[in-house]
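> sequence-free structure coming up:
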C-alpha cells in the first residue's frame with residue numbers, strides 16, 4: 001500500500017449533525033480516519049484507494065439541508081497516533097474515572113479506561129461523556145442488564161461493566177464505531193459486553209434495567225418510544241448529546257411516555273438527563 005494519502009477538508013453547516021452524517025457516509029467508503037476542524041472535518045483516504053469520483057454517491061453533499069464545501073490535497077503518510085494525540089484529551093471525572101488513550105499516562109483513578117479512538121470526536125463529546133460518567137459513578141449498577149445506545153467507542157459500556165453491570169449490549173449504526181467498540185472492550189478486559197452494528201430496530205423484544213443513550217436530539221426523540229418499550233419497571237434512562245435549549249422537547253417526550261425526571265447535569269450548554277420508569 002502507498003504511504004501517500006488524499007486529505008479532504010470539509011466545511012459543514014450546520015456543523016454538528018452534518019459532520020456526523022458525513023462521517024457515517026464516508027466511513028462506508030475507503031476513508032481511514034477523521035479529525036474535527038473549526039468548520040467541519042478532515043477525512044483521509046489512501047491514494048491507492050482513491051479516485052476523483054469517490055464522493056459522487058455521498059448523499060449529504062447533495063442535500064439542501066446542509067451547506068458543505070470542500071478542498072482536497074495530497075499528503076505524506078499520516079501519523080495517526082500523532083493525530084489522535086492532538087485531537088483526544090483525556091477525560092477525568094472527579095478523580096474517580098479517567099478515560100485515556102494508550103499514549104497517555106495512567107493515573108490513580110479507580111476506573112481507568114483505555115481507548116484507542118479511530119477518529120476524533122465532535123464538539124461536545126467530552127462534555128456529554130463526562131456527564132454520563134458522572135451519572136454512572138453515582139449509581140449502583142451491579143447486576144443491571146444494560147444498553148449503551150450509540151456507543152461510539154464504548155466508554156460508557158466499559159465503565160458500566162467495571163462497576164458491575166451485566167450483561168451489556170452496545171449498539172452503534174457506524175461500522176467504525178462498531179469495530180472500535182469491540183477493540184476497546186477487549187483492551188479493557190471486558191467479558192460481558194456484546195457489540196452490535198445497527199439502530200433502534202435491534203431493540204425489539206429486548207429488556208434492560210439501565211439504558212444509556214448519548215446521541216443527539218433528533219435521534220433521541222425519534223427512538224424514545226423504543227427505549228421506553230424495553231426499559232424494565234423501575235429501570236433508569238440516561239440521556240445526553242443535546243443542548244440546554246433542547247430540554248423541553250426531550251422532557252416532554254419522556255414524561256408523556258410515563259418516565260419520571262430525576263436530575264440533570266450541565267456542562268458548557270450541553271446537558272445530560274436522568275429518568276426512571
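Nice, I can see it. All values reported here derive from a predicted model rather than from experimental measurement.
> for the protein, what spans make up the strands?
Per DSSP state E, the chain carries strands over the ranges 5-13, 33-36, 40-46, 67-75, 91-93, 97-100, 111-114, 146-149, 168-172, 193-197, 208-214, 231-243, 260-267, 270-276.
> So which of those strands is nearest residue 129?
When those are compared by C-beta to C-beta, strand 91-93 sits nearest residue 129, at 5.9 Å. For every residue, glycine as well, the C-beta is placed using N, CA and C.
> lowest confidence element among the helices and strands of the chain?
The weakest-scoring helix or strand in the chain, judged by mean pLDDT, DSSP states H and E, is helix 80-87 (a mean of 62).
> Looking at the strands of the chain, which one is packed in the most?
Of those, the one with the most neighbours on average (mean count of other C-beta atoms under 10 Å) is strand 146-149, at a mean of 28.
> Give me the average confidence score over that one.
The average of the pLDDT scores along strand 146-149 is 98.
> Partner strands of it, with direction?
According to DSSP bridges, strand 146-149 forms sheet pairs with strand 168-172 (parallel), strand 208-214 (parallel).
> what does the first one rub up against?
What it means is strand 168-172. With contacts defined as C-beta atoms under 8 Å, 6 or more residues apart in numbering, strand 168-172 is touched by 145-152, 154, 157, 160-161, 178, 181, 185, 190, 192-199, 202, 206, 208.
> gap between it and the chain center?
How far strand 168-172 lies from its chain's middle: 11 Å, per C-alpha atoms, centre = their mean, to the nearest Å.
> tell me the angle that strand makes with strand 193-197.
Per axes from the mean of the first three to the mean of the last three C-alpha atoms, to 10 degrees, the angle that strand 168-172 makes with strand 193-197 is 20 degrees.
> on that earlier part again, go through the strands of the chain and name the closest to residue 26.
Set against residue 26 and scored by C-beta to C-beta, these come closest in strand 40-46, at 5.2 Å.
> If I take that closest one and strand 67-75, what angle do their directions form?
Using the same axes, to 10 degrees, strand 40-46 lies at 40 degrees relative to strand 67-75.
> and strand 40-46, what's its mean pLDDT?
pLDDT averaged over strand 40-46 gives 89.
> and that strand, how far from the chain's centre?
With C-alpha atoms, centre = their mean as the basis, the mean position of strand 40-46 lies at 18 Å from the chain mean.
> Quick one: list the elements packing against it.
strand 5-13, helix 15-27, strand 33-36 (3 or more C-beta pairs under 8 Å, 6 or more residues apart in numbering; DSSP states H and E).
> For residue 198, grab the count of nearby residues.
11 (other C-beta atoms under 10 Å).
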